[in-house]
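Engineer: here's a sequence, model it:
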Amino acid sequence: MEFLADIGVATREKLAELGLASRLFLRLISLSAVTLKRFGLVRDQIFFLGNYSLAIIAVSGLFVGFVLGLQGYYTLQRYGSSEALGLLVALSLVRELGPVVSALLFAGRAGTALTAEIGLMKAGEQLSAMEMMAVDPVSRILAPRFWGGIIAMPLLAAVFSAVGILGGYLVGVLMIGIDEGSFWSQMQGGVEVWSDVGNGVIKSFVFGVTVTFVALYQGFQAQPTPEGVSRATTRTVVLASLAVLGLDFWLTALMFSL
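Structural biologist: Reported below is the predicted structural model:
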């Protein structure tokens with residue numbers, strides 16, 4: 001009986017947590033019009049979050065492009081299709097690797113920074129002080145960061161894909177010696193704007209919403225202690241990464257079934 005009671009308590013706690021998260025998400029969505037009118041706050045957060053992640057996104061994209069160029073060439077060479085290396089690199093990046101890897105890096109860099117920032121503000125009773133002054137912390141603190149992350153994520157994914165294609169070009173054309181015209185023409189002829197690039201943009205937008213909300217929620221619900229903020233930061237990385245990988249599967253299955 002104690003085992004069943006423990007399961008019941010754990011289930012009730014998870015349902016309560018899910019309810020709190022849903023209420024916060026709907027509150028952030030309802031504040032969208034007000035938040036976007038004060039775009040200066042959102043712009044600052046786009047710069048803040050993008051600045052945190054741009055360097056690691058660009059460097060990671062370059063090395064992913066290097067690896068794709070090498071592995072793709074050795075694979076395509078078996079079938080006499082090495083000239084299609086540009087198409088392979090571009091499709092791999094804009095469809096999958098660009099949005100997914102960028103989201104994982106965004107969660108590990110900017111997501112943890114958001115959680116730690118909100119958690120420390122809560123621990124320092126800054127959020128409570130704002131409520132005492134009749135300032136809504138959700139509207140003033142969380143909403144601009146929410147939209148800043150949503151807008152920054154597709155931009156970072158685009159940078160990742162562009163730098164990755166450049167890395168594939170450096171390896172395939174300059175190092176291996178594939179014909180430059182074939183590299184670019186195959187890419188231009190095989191990559192479709194709406195079905196390939198558009199799907200990647202949709203994925204990066206969904207991942208931006210997911211990662212940013214998880215980071216803000218964990219920081220907002222963190223225990224106001226150093227240990228609580230530390231645990232919330234760890235949960236942000238774990239939950240956001242799992243959510244990104246799970247959503248990637250469902251989005252890919254949905255997009256290719258339409």
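
Engineer: pLDDT on the strand or helix carrying Y74, on average?
Structural biologist: Using DSSP states H and E, Y74 falls within helix 39-77. Across helix 39-77, pLDDT averages out at 90.

Engineer: kindly report the same for stretch 141-158.
Structural biologist: 93.

Engineer: also stretch 99-117?
Structural biologist: Mean predicted lDDT for stretch 99-117 stands at 92.

Engineer: name the residues of the helix holding Y74 that come out as buried.
Structural biologist: Using 16 or more other CB atoms under 10 Å as the test for burial, helix 39-77 gives 41-42, 45-46, 48-50, 52-54, 56-58, 60-62, 64-66, 68-70, 72-73, 76. In this view, the C-beta of every residue, glycine as well, is placed from N, C-alpha and C.

Engineer: show me the helices in the chain, by range?
Structural biologist: Here the chain has its helices, by DSSP state H, at 2-30, 32-37, 39-77, 85-91, 98-106, 112-123, 126-132, 137, 143-169, 180-190, 198-220, 226-257.

Engineer: how distant is the last one from the center of its chain?
Structural biologist: Going back to what we said before, that points to helix 226-257. 9 Å (CA atoms, centre = their mean, to the nearest Å).

Engineer: packing partners for it?
Structural biologist: In this structure, helix 226-257 makes packing contacts with helix 98-106, helix 112-123, helix 198-220, judged by 3 or more CB pairs under 8 Å, 6 or more residues apart in numbering; DSSP states H and E.

Engineer: now do the helix holding Y74 against helix 143-169, angle only.
Structural biologist: Interaxial angle, helix 39-77 versus helix 143-169 (axes from the mean of the first three to the mean of the last three CA atoms, to 10 degrees): 30 degrees.

Engineer: so what secondary structure elements neighbour helix 39-77?
Structural biologist: Here helix 39-77 is seen to pack against helix 32-37, helix 85-91, helix 98-106, helix 112-123, helix 143-169 when contacts are counted using 3+ CB pairs under 8 Å, 6+ apart.

Engineer: need those helices in JSON lines with distance to D248, can you?
Structural biologist: Shown next, in JSON lines, are those (distance: least, CB to CB, whole Å):
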{"stretch": "helix 32-37", "distance to D248": "25"}
{"stretch": "helix 85-91", "distance to D248": "15"}
{"stretch": "helix 98-106", "distance to D248": "5"}
{"stretch": "helix 112-123", "distance to D248": "20"}
{"stretch": "helix 143-169", "distance to D248": "12"}
